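Peer 1: could you look at this predicted model? Sequence included:
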Amino acid sequence: MNLLLMAIAPVMVIIIYIYFQDKHEKEPMGLLLASFLFGAIVSILIVTILYMFTGRLIPVTNQHSVWQQFIQAFIVVALAEEFSKYVIVKYFNQPKKAFNEPYDGIIYAVMVSMGFACTENIMYVLQGGFETAILRAFTAVPAHATFGILMGYYMGKAKFSKNRFQLNMAGLFLAVLFHGAYDFFLFIRFIPGISIGAFISLAIGIYLSRKAIRKHQNNSNFKSLEDS
């Protein structure tokens with residue numbers, strides 16, 4: 001039970017933080033919960049199906065091959081996982097009337113991402129124990145949040161732009177880029193010291209995420225109404 005709580009706690013902390021950054025118009029609780037559950041269940045199912053195909057089509061035959069680990073990190077893992085989240089935000093969240101300001105792209109993408117991260121974290125922590133719970137609370141879970149924020153920033157812009165396709169793709173691309181970089185440096189840990197690259201990419205992602213949140217807060221449709 002303690003391990004389960006430790007697996008869920010960092011996810012809840014991030015959700016609460018992102019929720020209270022929505023300063024101008026809170027999203028419906030039911031829609032936020034549905035987004036979280038879609039991430040926790042549907043996104044995991046999509047990834048599992050994709051892994052079944054990519055695992056056979058792009059197998060790792062040499063664990064010490066930098067190129068094979070690059071393909072695993074960016075294509076097999078990052079693209080599959082971020083695409084599974086993207087599909088939910090694109091087809092479930094973006095069309096909703098409640099999605100009525102750019103910041104909503106961030107909050108819904110984070111909710112979906114945290115749903116995915118919650119399920120993944122529970123599996124890893126129950127298997128790996130206390131040390132895994134502590135490590136992932138400060139690495140993998142915040143990483144999934146940053147991927148969601150970066151994706152959601154552009155998907156929030158897309159909702160109110162004529163260039164919707166390009167901006168949605170930019171969000172997916174950026175999430176895959178940072179996710180792939182994070183995983184790649186961890187996958188090639190057979191090169192001494194290289195794993196520090198994962199933490200550098202995470203730090204850059206967090207920095208950009210904070211900027212993205214502030215920018216959407218300042219550009220909120222509702223802020224101009226409050227100031228008038």
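Peer 2: Thanks, I have the structure now. Residues are numbered from 1 along each chain as shown.

Peer 1: quick one, longest helix in the chain?
Peer 2: The helix spanning the most residues in the chain, taking DSSP state H as the definition, is helix 103-128.

Peer 1: which residues touch the residue most central in space within the chain?
Peer 2: The residue lying closest to the centre of the chain (C-alpha atoms, centre = their mean) is residue 148, at 3.2 Å. Neighbour list for residue 148: 85, 106, 109, 110, 111, 112, 113, 114, 175 [criterion: C-beta atoms under 8 Å, 6 or more residues apart in numbering]. Yep, even glycine has a C-beta here, placed from its N, CA and C like the rest.

Peer 1: adding distance to residue 137, write those residues out as a markdown table.
Peer 2: Rendered in a markdown table, the data for these read as follows (distance: C-beta to C-beta, whole Å):
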| residue | distance to residue 137 |
| --- | --- |
| 85 | 20 |
| 106 | 21 |
| 109 | 21 |
| 110 | 16 |
| 111 | 19 |
| 112 | 20 |
| 113 | 15 |
| 114 | 13 |
| 175 | 21 |
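
Peer 1: quick check: which element contains the residue nearest to the centre of the chain?
Peer 2: Residue 148 is part of helix 140-159 when elements are defined by DSSP states H and E.

Peer 1: relative to helix 103-128, how tilted is that helix?
Peer 2: Inter-element angle recorded for helix 140-159 and helix 103-128: 160 degrees (by axes from the mean of the first three to the mean of the last three C-alpha atoms, to 10 degrees).

Peer 1: now the element after helix 140-159, going C-ward?
Peer 2: For helix 140-159, the following helix or strand on the C-terminal side (DSSP H and E) is helix 164-187.

Peer 1: what residues does that following helix touch?
Peer 2: Under the criterion C-beta under 8 Å, 6+ apart, residues 69-70, 72-75, 77-79, 81-83, 85-86, 90, 105, 109, 143, 146-148, 150-155, 157-158, 161, 194-198, 201-202, 204-205 lie in contact with helix 164-187.

Peer 1: buried ones only from those residues, please, as a PyMOL command.
Peer 2: A single PyMOL command suffices to select whichever of these are buried according to 16 or more other C-beta atoms under 10 Å:
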select buried, resi 69+72+73+74+77+78+79+81+82+83+85+86+90+105+109+143+146+147+148+150+151+152+153+154+155+157+158+197+198+201+202+205
